[in-house]
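[1] Structure, please.
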Amino acid sequence: MPIPFERMPNYPHKSSEIFGPPPAFDLREARVASADARDIISNLTPAKMPAVTTAVAMMLYNRSLNQDQIPASGAIMDTIGGLIQSEEIAQQPNSPLSTTGFEIEFPLLPAKRQTEIRHLSYALLSDALGLPENNNNGSEGPGRDSSIDSLGYWEVAPHFSYFHETQAVLISELLRMRYALPFQEKILTRIRSNPDSHQGIIDAVYNHVSRQGLSLHLNYGVPDNIEETMGYEADYLTLGAGAAIAFASQNRLEVGAIQTHLVKPNTSEKSLKINRDRANRLEFRGLEVLDETVYQTLEAMQLLTTALFEANKSEDIHDRTLAGIWDECIDSLFDIFPEALHEYEKVALGDALRRRESVAELAANNPEISPAIRKQLLKTAHDARAYLQSRSLYPST
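    Okay, here's the model as predicted:
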């Protein structure tokens, strides 16, 4: 059964919403929007909510630059109130929901009225809006597209949140800023005839994204008391492969890094739900931002990882219902493509190229498994959501 997404932000479909002039880097408006966002949040809740604050800052910034494209003030305040309420429910100590975050890597575009890329523009705007960025990847690294090497890449990694909806708003506002591009060919082709679109740069971006898509990494905070067994490793490797096949395009599978791993950083933002010194996270690579289905992916993956984590806690403390929901899911996945999953797990911790080829080949040679896996993952997410809502541990729509 599909998950209803009435609460999700509108995905910007119109080319005018995304592909007007190149990105505007108005630092003054960004600083004003950021200050206003901090004031609004502090007046509505005593809790610190950096991800919500950044989302609100981006909403206000976009509205200041595009008065006719962004919801009116009343609608914005309703959205902000909904985000805060959802975060408060999801961060309850007894809520098993895993914290969630993302990283997006995208090719740089020129600032408005500029004819060349200025990396500093991206850095300054990110700082003004309180939007953390990992780094400017430049043109280095394996597998870079030579047609876009001169443009460079930029990766943003916003603050984590307790509820996926905040991350959905962040992605939506990144798209509206034209800071990151959704890669729908029918929309991209419209801008190429625009004489003000920096034709050469747009051509390079178009050629790149039509082949590779917009890379999306999803991160989930690992709760306390997880038993790091071989079964746990098999579970998250299987979910990583299944999610890539279910939610990413074939093009993305063939060129992207299909990788799922446990990250144990020395320093990292720490959830209120974590008692240990380090905030470990589970990272899923191989996904993409293609269209509004990204919102479905965000919600489903938070629910799926939550159930996965519960199933890998010791029996005396785990939630039996969520653990059972995950066990049923993993059994069904192995019923769908048992031999392929076993093969994937063998190579998953080895060579990255072989790992990618394994998943891409599997999806290409078995077109029926993508909808089957998607159906199973969405069913599992729906079951987990219904159970959490029954216990008032999940925001209602």
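[2] contacts and neighbour counts: CA atoms only from here.
    Noted.
[3] Can you classify residue 287 by secondary structure?
    strand (DSSP: H, G, I helix; E, B strand; the rest coil).
[4] give the contact list for it.
    The contact partners of residue 287, by C-alpha atoms under 8 Å, 6 or more residues apart in numbering, come to 215-218, 243-244, 247-248, 252.
[5] Compare those residues and tell me which is most surrounded.
    Greatest neighbour count in the contacts of residue 287, by other C-alpha atoms under 10 Å, goes to residue 244: 27 neighbours.
[6] I figured it was touching residue 260, is that so?
    No. Contact criterion C-alpha atoms under 8 Å: residue 244 and residue 260 do not qualify, at 10.1 Å.
[7] in the stretch 151-300 of the chain, what spans have low per-residue confidence?
    Scanning the stretch 151-300 of the chain with the threshold set as pLDDT under 70 gives 151-153, 178-213, 230, 256-257, 265-270, 272-279.
[8] Remind me which helix or strand residue 360 belongs to.
    For residue 360, the host element (DSSP states H and E) is helix 352-365.
[9] Tell me which helix or strand comes right after that helix.
    Using DSSP H and E, the helix or strand that follows helix 352-365 in sequence is helix 369-390.
[10] ok, and for that next one, which residues are buried?
    369-370, 372-374, 376-388 (16 or more other C-alpha atoms under 10 Å).
[11] now do stretch 124-135
    For stretch 124-135, the neighbour count (16+ other C-alpha under 10 Å) marks 124-126, 128-133 as buried.
[12] Show me those that map onto strands.
    If you go by DSSP state E, the buried residues of stretch 124-135 have residue 133 in strands.
[13] Throw the buried residues of stretch 124-135 into TSV and include pLDDT and distance to residue 394, thanks.
    Putting these into TSV (pLDDT from 0 to 100; distance: C-alpha to C-alpha, whole Å) gives the following:
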residue	pLDDT	distance to residue 394
124	84	36
125	86	34
126	87	31
128	93	32
129	93	29
130	92	27
131	88	26
132	84	27
133	70	29
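[14] on that earlier part again, report the rounded mean pLDDT for the helix holding residue 360.
    Per-region confidence: helix 352-365 scores 69 on mean pLDDT.
[15] Check stretch 368-376 too.
    The pLDDT scores in stretch 368-376 average 92.
[16] Tell me which residues are up against it.
    Taking C-alpha under 8 Å, 6+ apart as the rule, stretch 368-376 contacts 1, 242-243, 245-247, 329, 332-333, 336-337, 363.
[17] repeat that with 6 Å
    245-246 (C-alpha atoms under 6 Å, 6 or more residues apart in numbering).
[18] With stretch 121-133 instead?
    Residues outside stretch 121-133 that contact it (C-alpha under 6 Å, 6+ apart) are 30-31, 34, 54, 155-158.
[19] from these, which would you call buried?
    30-31, 34, 54, 155-158.
[20] Could you export the residues you listed to CSV, including columns for distance to residue 264?
    Formatted as CSV, these follow (distance: C-alpha to C-alpha, whole Å):
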residue, distance to residue 264
30, 33
31, 33
34, 31
54, 25
155, 20
156, 20
157, 17
158, 18
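[21] Tell me which entries of the contacts of stretch 121-133 lie within helices.
    Cross-referencing those against helices under DSSP state H gives 30-31, 34, 54.
[22] can you put those in JSON lines and add distance to residue 303?
    Listed next are the ones in helices among the contacts of stretch 121-133 as JSON lines, based on distance: C-alpha to C-alpha, whole Å:
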{"residue": "30", "distance to residue 303": "33"}
{"residue": "31", "distance to residue 303": "35"}
{"residue": "34", "distance to residue 303": "31"}
{"residue": "54", "distance to residue 303": "23"}
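[23] leaving aside the residues next to it on the chain, what's closest to residue 41?
    Leaving aside its sequence neighbours, residue 41 sits nearest to residue 53 (C-alpha to C-alpha, 6 or more residues apart in numbering; 6.6 Å).
[24] coming back round to it: for the contacts of stretch 121-133, which one is nearest residue 75?
    residue 54 (17.4 Å; C-alpha to C-alpha).
[25] what's the distance between that closest one and residue 30?
    11 Å (C-alpha to C-alpha, to the nearest Å).
[26] rewinding a little: helices - which of the contacts of residue 287 land there?
    Assigned to helices by DSSP H, the following of the contacts of residue 287 qualify: 243-244, 247, 252.
[27] Pick out whichever of these sits closest to residue 76.
    The nearest member of those to residue 76, counting by C-alpha to C-alpha, is residue 247 at 29.4 Å.
[28] got a list of what that closest one touches?
    Counting by C-alpha under 6 Å, 6+ apart, residue 247 makes contact with nothing.
[29] let's see it at 10 Å
    286-290, 293-294, 296-297, 370-371, 373-374, 377 (C-alpha atoms under 10 Å, 6 or more residues apart in numbering).
[30] what's the model's confidence in stretch 320-335, averaged?
    Average pLDDT, stretch 320-335: 92.
[31] Please identify the buried residues of that stretch?
    The neighbour-count check on stretch 320-335 (16+ other C-alpha under 10 Å) flags 321-327, 329-330, 332-333 as buried.
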